[in-house]
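Visitor: here is a sequence together with a model predicted from it:
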Amino acid sequence: MSVFKKLLDKKQPDSSGRRWLFVPYDQLSDSMGPLAKEDPKSLGIILVENTWKAARRPYHKQKLALILTNLRHFALEQADRGVAVKYVAANGPYRTALEQLIPQCGPIRMMNPAERELRVELQELVREGDLEFLPHEGWLTTSDQFHESKKKGPPWRMDVFYRHIRQQTGILMEEGKPLGGKLSYDVENRLAWKGDPPAPEVPNFPVDPIKKEVVDLIESRLGHHPGQLDLHGLPGTKSDAQNLWSWAKSECLPYFGPYQDAMSKESSSLFHTRISAVLNLDRLLPGEIVDDILRMDLPLPSKEGFIRQVLGWREFVRHVHRATDGFRTLPTGKAPVAERPGDGGYSRWAGKPWPATWSRKEPDGGARPSFFGTHNPLPPAYWGEESGLNCLDKVASHLWREGYGHHITRLMVLANLATLLEVSPRELTDWFWVAYVDAYDWVVEP
């Protein structure tokens, strides 16, 4: 029996008479939804560890390790609170895993999935009355606010949305005007980094038996996935996520603003906080992040610049993704759709096809709009093959080592070069999805 299974069995409370909640891989928080509001002793949660999901694309090993480690630790954390836990090992669609539990659990609830892929897959259970979608309480803004903002200026513009939300919430506002007289300090936040102040060392996290077991599982059963595994660089528990945020507040945020657009060979993150991966798992909640930033004594350009990432950019892209049905419905009309998931160019780099099985009953491979009509393949350099172009080779080597890169390397190196090379937007998007530990459809497709 595995270490995890022994620990969970030891902590497991009586599961009779519970109301059951499905908690997907990216809603691992007890600070929102039913887990925050209802008596833990009246609740049961269903967690699904799914090799089928992992097999859909050649995901970075570090991403698989991050999700599985946090999923298992979340199970143990909730059992400690008195919540009953059904931990399911599946190798098929999530719908199938939940269907098998309905006879014993009755109707299941869950907060609305962030990812379109999962929402679509579970719609049949919702239609049949076996699953109820509750509002997702991890977001800071509503779809109504998004649609209202489109009337305030040119539609589908992040700065218009951000201005509207700042005015509605009063965040960094005084008497209806932005603090310091500016809504955005983006122009000031473009200093080149010359080595001073020194870039902070990325924190390490404890390597516990759960993490070791997950890594052993990945190497034995999912070893064909790309990327390196770094156990010490893996925040796997709630306390790890909080420690990462504490490090970010003290070591990164005072200098985040001026250097947020800088790139360096020496550091893959400089003064970026690296919290996006745990934020997108809801191990940290954006509302708590914004509240902390507002309380901190920070230079205004750093404070505003970071809040714009969380309150502005992150909220905006998820609204755009939802409003366009994953870019299937655009102002210009319907976009074509890929029949099956793409591998982001893996097969050309590896010299063999990605070994995923697929059926028409499974979610499709995503929308394929191409505004410029570009359809070239992604170069193998994005997978780590040397190109001789130093900026690309450095970013790719950092990425396949860590599963991370900050937003400027993503935009100004990887996306910019792909645009110049007329790469297929769908293939580039699939590559971002598999390569980054913080990547999900609502993030990468916009």
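Guide: Yep, that arrived. Residues are numbered from 1 along each chain as shown.
Visitor: report the buried residues of stretch 318-334.
Guide: Along stretch 318-334, these residues count as buried under the neighbour rule (16 or more other Cβ atoms under 10 Å): Arg318, His319, Val320, His321, Arg322, Thr324, Gly326, Phe327, Arg328. Using the backbone N, CA and C atoms, a C-beta is placed for each residue, glycine as well.
Visitor: the third one touches Pro446, doesn't it?
Guide: The reference is to Val320. Yes - shown here, Val320 and Pro446 form a contact pair, counting by Cβ atoms under 8 Å, at 5.1 Å.
Visitor: of the buried residues of stretch 318-334, which is the nearest to Asp144?
Guide: Top of the list for closeness to Asp144, among the buried residues of stretch 318-334 and by Cβ to Cβ, is His319 at 10.3 Å.
Visitor: where does that closest one land in three-state SS?
Guide: helix (DSSP: H, G, I helix; E, B strand; the rest coil).
Visitor: quick check: pLDDT value at it.
Guide: Per-residue confidence at His319 stands at 98 (pLDDT).
Visitor: now for the closest residue to it other than its chain neighbours: which residues touch it?
Guide: Excluding the flanking residues, the one nearest His319 by Cβ to Cβ, 6 or more residues apart in numbering is Phe146, at 3.9 Å. Neighbour list for Phe146: Phe161, Glu315, Phe316, His319, Ala323 [criterion: Cβ atoms under 8 Å, 6 or more residues apart in numbering].
Visitor: ok, the fourth one - contacts?
Guide: Under the criterion of Cβ under 8 Å, 6+ apart, the neighbours of His319 are Thr141, Ser143, Phe146, Phe161.
Visitor: go on, the second one?
Guide: Taking Cβ under 8 Å, 6+ apart, we find Glu315 in contact with Trp139, Leu140, Thr141, Phe146, Phe161, Ile165, Pro286.
Visitor: any idea how far His147 is from the fifth one?
Guide: Right, the one you point to is Phe161. With distances taken as Cβ to Cβ, to the nearest Å, Phe161 is found 10 Å from His147.
Visitor: list phi and psi for the residue in the chain sticking out farthest from the centre.
Guide: Distance from the centre of the chain peaks at Glu175, with 35.2 Å (Cα atoms, centre = their mean). Backbone geometry at Glu175, expressed as degrees, to the nearest 10, gives phi 50, psi 40.
Visitor: coming back round to it: top of the contacts of Glu315 by neighbour count?
Guide: Greatest neighbour count in the contacts of Glu315, by other Cβ atoms under 10 Å, goes to Phe161: 26 neighbours.
Visitor: that residue touches Trp313, doesn't it?
Guide: No - at 9.3 Å, Phe161 does not count as touching Trp313 under the criterion of Cβ under 8 Å.
Visitor: okay, now Val434: neighbour count?
Guide: Val434: 26 neighbours (other Cβ under 10 Å).
Visitor: check which helix or strand covers it.
Guide: helix 425-435 (DSSP states H and E).
Visitor: run through who's touching the helix or strand just after that helix.
Guide: Next in sequence after helix 425-435, counting helices and strands by DSSP H and E, comes helix 441-444. Contacts with helix 441-444, where a contact means Cβ under 8 Å, 6+ apart, come from 114-117, 280, 317-318, 321-322, 326, 366, 429, 432-433, 436.
Visitor: now do Lys361 against Glu124, distance only.
Guide: Counting by Cβ to Cβ, the gap from Lys361 to Glu124 is 10 Å.
Visitor: which one of those two has more residues nearby?
Guide: Taking neighbours as other Cβ under 10 Å, Lys361 and Glu124 compare with Glu124 leading, 13 against 10.
Visitor: element containing the more buried one, please.
Guide: Glu124 belongs to helix 116-127, assigned by DSSP H and E.
Visitor: what residues does that helix touch?
Guide: 24, 93-95, 98-99, 108, 110, 112-113, 131-133, 321-322, 325-326, 362-363, 441-442.
Visitor: let's see 7 Å
Guide: 24, 93-95, 98, 113, 131, 133, 321, 326, 363, 441-442 (Cβ atoms under 7 Å, 6 or more residues apart in numbering).
Visitor: Asn204 belongs to a strand?
Guide: No - when three-state DSSP is applied, Asn204 is found to be coil, with no strand at that position.
Visitor: quick revisit: closest one of the contacts of Glu315 to Pro209?
Guide: Within the contacts of Glu315, proximity to Pro209 (Cβ to Cβ) peaks at Pro286, which comes in at 31.1 Å.
Visitor: now do the helices in the stretch 151-300 of the chain.
Guide: In the stretch 151-300 of the chain, the helices defined using DSSP state H, counting those that start in this stretch lie at 158-169, 209-221, 238-247, 253-259, 276-279, 286-295, 300-307.
Visitor: coming back round to it: from the contacts of His319, which two are the most distant?
Guide: Across these, the longest distance by Cβ to Cβ is 11.7 Å; it joins Ser143 and Phe161.
Visitor: strands of the protein, start to end?
Guide: Under the criterion DSSP state E, the chain carries strands at the ranges 19-22, 43-50, 84-90, 108-111, 131-134, 173-174, 177-178, 329-330, 333-334, 337-338, 366-367.
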